[in-house]
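Generate a structure from the sequence data that follows.
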Amino acid sequence: MAQPQPKQSGDGPRHVAIIMDGNGRWATQRGRPRLFGHQAGARRVREIVEACPDLGVDYLTVFAFSTENWKRTQSEVAGLMSLFRRYITREAKALKANDVCVRFIGDRVRLDAKLVSMMDELEALTANCRSVNLTIAINYGGRDEVARATKRLARDVALGKLDPEAVDEETLPKYLDTCVLPDPDLVIRTSGEARISNFLLWQSAYAEYEFVDTLWPDFSAEEFRKTVGGFGTRDRRYGAVRA
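Prediction:
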């Protein structure tokens, strides 16, 4: 297969993915309930999206709710689901006006029907937008995504639509939730934690990682610019040796 071509030093990332961590701690530090932090974090998303065009970031993917987040308290999960619905209602017109194309990835089966309907409507509303491609991961987990993709691939093999001998590492990505997206160039995690938490496992094989100490509600557009700016100094060789 053709190997991915490394960007030259000085080029910025085309696709940035963010693990938006630290909302709960941010709220706790202020003596407020965790949901207060999630609300602040949701507002921060708009600022980061608006910063993308000037930075040459065409694709932004944010981790909003993982498959593991169902383990949180019932009240926090219910609050987050309500927050997602409010976010879509509040931001839909602005996203359309700013030419932002919105997609959702993750398993929608467990989400309530009203939220799924709103997600579908927002995707349809912004389908022709081109300035920024915003992908929101809800009920998403990298292992779960690969498992679901493998089931779809196996089904096509069973139906005779796919020759098992033709399956290679270029085949599975066509079945992933992110099949229409380029792989991320840069993955940012806020809050000082240095782990990837089951996020875009397949897609990030050659991504650069940046772990920053700032809690997500405090992660400003200026800090985003600095983090993205540092990407151009990295020498991405994809396993090869620079001549």
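
Partner strands of the helix or strand containing residue 136, with direction?
Residue 136 is located in strand 132-140, with elements delineated by DSSP states H and E. Applying DSSP bridges, strand 132-140 is found paired with strand 59-66 (parallel), strand 100-105 (parallel).

After that strand, which helix or strand is next?
Next along from strand 132-140, by DSSP H and E: helix 142-158.

who are the neighbours in contact with residue 113?
For residue 113, no contacting residues are found, by Cβ atoms under 8 Å, 6 or more residues apart in numbering. All C-beta spots, glycine's among them, are computed from the backbone N, C-alpha and C.

and the strands paired with strand 132-140 as TSV, adding distance to residue 45 and mean pLDDT?
Listed next are the strands paired with strand 132-140 as TSV, based on distance: least, Cβ to Cβ, whole Å; pLDDT from 0 to 100:
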stretch	distance to residue 45	mean pLDDT
strand 59-66	6	98
strand 100-105	11	98
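
any chance of those strands in JSON lines, with distance to residue 139 too?
Output for the strands paired with strand 132-140, formatted as JSON lines (distance: least, Cβ to Cβ, whole Å):
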{"stretch": "strand 59-66", "distance to residue 139": "6"}
{"stretch": "strand 100-105", "distance to residue 139": "9"}
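
Convert the C-alpha atoms of the strand holding residue 136 to CSV, please.
Taking Å, rounded to 0.1, in the frame of the first residue of the first chain, the C-alpha atoms of strand 132-140 are listed here in CSV:
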residue,chain,number,x,y,z
VAL,A,132,-14.6,23.6,9.1
ASN,A,133,-15.5,20.0,9.5
LEU,A,134,-16.5,19.5,13.2
THR,A,135,-16.9,15.9,14.3
ILE,A,136,-18.4,15.2,17.7
ALA,A,137,-17.8,11.8,19.3
ILE,A,138,-20.8,10.8,21.5
ASN,A,139,-21.1,7.3,23.0
TYR,A,140,-17.8,6.6,21.2
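
Could you list the low-pLDDT ranges of the chain?
Residues of the chain meeting the criterion pLDDT under 70: 1-10, 233-243.

first to last residue in stretch 22-34, what's the distance?
Using Cα to Cα, to the nearest Å, the end-to-end distance of stretch 22-34 comes to 10 Å.

actually stretch 18-33, not the one I typed
23 Å.

got it, and stretch 122-141?
22 Å.

likewise stretch 190-204?
Per Cα to Cα, stretch 190-204 runs 17 Å from first to last residue.

ok, now which ones touch residue 197?
Residue 197 neighbours (Cβ under 8 Å, 6+ apart): 19, 21, 63, 66, 68, 189.

ok, and it, which helix or strand is that part of?
Applying DSSP H and E, one finds residue 197 in no helix or strand.

Among the contacts of residue 197, name the buried ones.
Neighbour counting by 16 or more other Cβ atoms under 10 Å classes 19, 21, 63, 66, 189 among the contacts of residue 197 as buried.

Helix, strand, or coil at the residue nearest to the second one when sequence neighbours are not counted?
Right, the one you point to is residue 21. Leaving aside its sequence neighbours, residue 21 sits nearest to residue 191 (Cβ to Cβ, 6 or more residues apart in numbering; 3.9 Å). Assigned by DSSP: H, G, I helix; E, B strand; the rest coil, the conformation of residue 191 is coil.
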